[in-house]
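Peer 1: Give me a 3D structure for the following:
(one chain, ligands or ions: 2)
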Amino acid sequence: MDKNSLIEQSKIAREKAYVPYSNFQVGAALLAEDGSVYRGCNIENAGYSMTNCAERTAFFKAVSEGVKKFKAIAIVADTDGPCAPCGACRQVMAEFCDPTMPVYLTNLKGAVQETTVGELLPFAFSPEDLK
Ligand SMILES: O=c1ccn([C@H]2C[C@H](O)[C@@H](CO)O2)c(=O)[nH]1
Ligand SMILES: [Zn+2]
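Peer 2: Ligands and ions are numbered 1, 2, ... in the order given. Now for the predicted structure:
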């Protein structure tokens with residue numbers, strides 16, 4: 001799947017966002033090594049801190065199905081600039097992805113900023129540190 005198709009998948013994911021508190025919809029589309037795509041949206045909760053971000057929803061869906069190797073992720077929200085992932089999502093990306101893996105930060109206006117997992121979380125605490 002190419003970059004633009006993955007970004008389109010993230011927009012489909014965003015439509016499913018459960019956001020009664022923030023009204024801020026986020027979508028993510030995670031491309032696995034086998035070509036499958038895991039879509040994720042943010043899921044809020046009346047206990048605000050229980051909220052799960054779109055990116056982590058996508059990762060947790062994939063990992064819970066036994067899929068742990070990934071090629072790219074696209075993230076979208078209705079932001080002015082490209083939508084950046086929060087720190088918790090960056091840490092989850094660092095757990096499962098090579099630092100060189102592409103991350104497409106996008107918005108509904110068509111902005112696309114291409115970065116990598118390593119650029120988003122330099123000097124990460126990673127599984128290597130526990131060896
Ligand atoms: O990386 C992020 C950052 C925030 N959100 C969601 C969480 C919450 O529902 C809303 C406002 O923070 O945006 C995400 O989905 N991904
Ligand atoms: Zn997040």
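Peer 1: and Tyr21, how many residues sit next to it?
Peer 2: 11 (other C-beta atoms under 10 Å). Using the backbone N, CA and C atoms, a C-beta is placed for each residue, glycine as well.
Peer 1: what does this protein have sitting close to ligand 1?
Peer 2: Proximity of the chain to ligand 1 (C-beta under 6 Å from any ligand atom) is limited to residues 19, 22, 24, 26, 42, 44, 51, 53-55, 85-86, 89.
Peer 1: which among the residues you listed gets closest to Pro122?
Peer 2: Pro85 (14.2 Å; C-beta to C-beta).
Peer 1: residues from this protein in reach of ligand 2?
Peer 2: Within the chain, the positions adjacent to ligand 2 are 53, 86, 89 by C-beta under 5 Å from the ion.
Peer 1: Could you rerun that using 8 Å?
Peer 2: Residues of the chain lying near ligand 2 by C-beta under 8 Å from the ion: 26, 42, 53-56, 85-90.
Peer 1: Just the ones of these in helices?
Peer 2: 54-56, 87-90 (DSSP state H).
Peer 1: show me where the chain has strands.
Peer 2: Applying DSSP state E to the chain gives strands spanning 26-32, 37-41, 70-77, 102-107, 112-116.
Peer 1: what's the longest one packed up against?
Peer 2: With contacts defined as 3 or more C-beta pairs under 8 Å, 6 or more residues apart in numbering; DSSP states H and E, strand 70-77 has these neighbours: helix 3-14, strand 26-32, helix 54-64, strand 102-107.
Peer 1: Mean neighbour count, those: which tops it?
Peer 2: strand 26-32 (a mean of 27; mean count of other C-beta atoms under 10 Å).
Peer 1: for that strand, packing partners?
Peer 2: Short answer (3+ C-beta pairs under 8 Å, 6+ apart): strand 26-32 packs on helix 3-14, strand 37-41, helix 54-64, strand 70-77.
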